[in-house]
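Q: From the sequence below, what's the structure:
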Amino acid sequence: MFPFLVLGIIGSAIAALSSRRKQANHSWEAAARTLGITLKPTGGLGGLFGRLSMTGSVKGLQLTIDTHQSNDRTYTRYRVRFPSLNLGLTARRQHALARIGTFFGYQDIEVGDPVFDEAIILKGDYSERVVEFLTPDRRVAITGLIENFPDAVITDREIVYSKPKFD
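A: Presented below is the predicted three-dimensional model:
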């Protein structure tokens, strides 16, 4: 009797996972259709444990949405790629660790906008060109992006944001 009980529990768990994955796949299919991009087939055992990925061009920019594993957690990652700015730029949310780092010489380019400088930590190969590139409109856009997606990272070539889960 015991082996059948264990088998029943395993079967129930797989059925629940399969149902959840099917719902996620339908959501991803709908999103891909809406965005006009391609959903790549999932792999894994009967599609249960595969990773999801969709890619395509949206308004002239390369968009990739996929799932990835890190520290035993699944994340959904959003990437928007664009032609390189050739500034060596990295922009991310200012946080306590970054402030401590700047105290010890970690690079943080200041643009002279107190709200932006307080909210965003900037690195770049060419400080003057980075400051010149970050017009008031771009600073507002970056600050808004970071406020809505605090873990987003903006580089010379892409904007990347990851969040836990995949559906």
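Q: Make sure I have this right: T34 is in a helix.
A: Yes. Counting by DSSP: H, G, I helix; E, B strand; the rest coil, T34 falls inside a helix.
Q: Report the mean per-residue pLDDT for stretch 57-64.
A: For stretch 57-64, mean pLDDT is 89.
Q: quick one: the strands in this structure?
A: 38-40, 53-58, 61-70, 73-81, 90-93, 120-123, 153-155, 158-164 (DSSP state E).
Q: Nearest to R139 among those would be which one?
A: Nearest to R139 among the strands of the chain is strand 120-123 (8.0 Å), distances taken as C-beta to C-beta. The way it works is simple: take the backbone N, C-alpha and C, and place the C-beta from them, glycine included.
Q: Nearest to V111, out of the strands of the chain?
A: strand 120-123 (7.3 Å).
Q: just checking, what packs against that closest one?
A: strand 90-93, helix 136-148 (3 or more C-beta pairs under 8 Å, 6 or more residues apart in numbering; DSSP states H and E).
Q: quick one, which of those is nearest to I121?
A: Of these, nearest to I121 by C-beta to C-beta is strand 90-93, at 5.8 Å.
Q: so who does the spatially most central residue of the chain touch?
A: Geometric centre of the chain, nearest residue: Y161, 2.1 Å, by C-alpha atoms, centre = their mean. If you count contacts by C-beta atoms under 8 Å, 6 or more residues apart in numbering, Y161 has them with 77-78, 149, 151-153.
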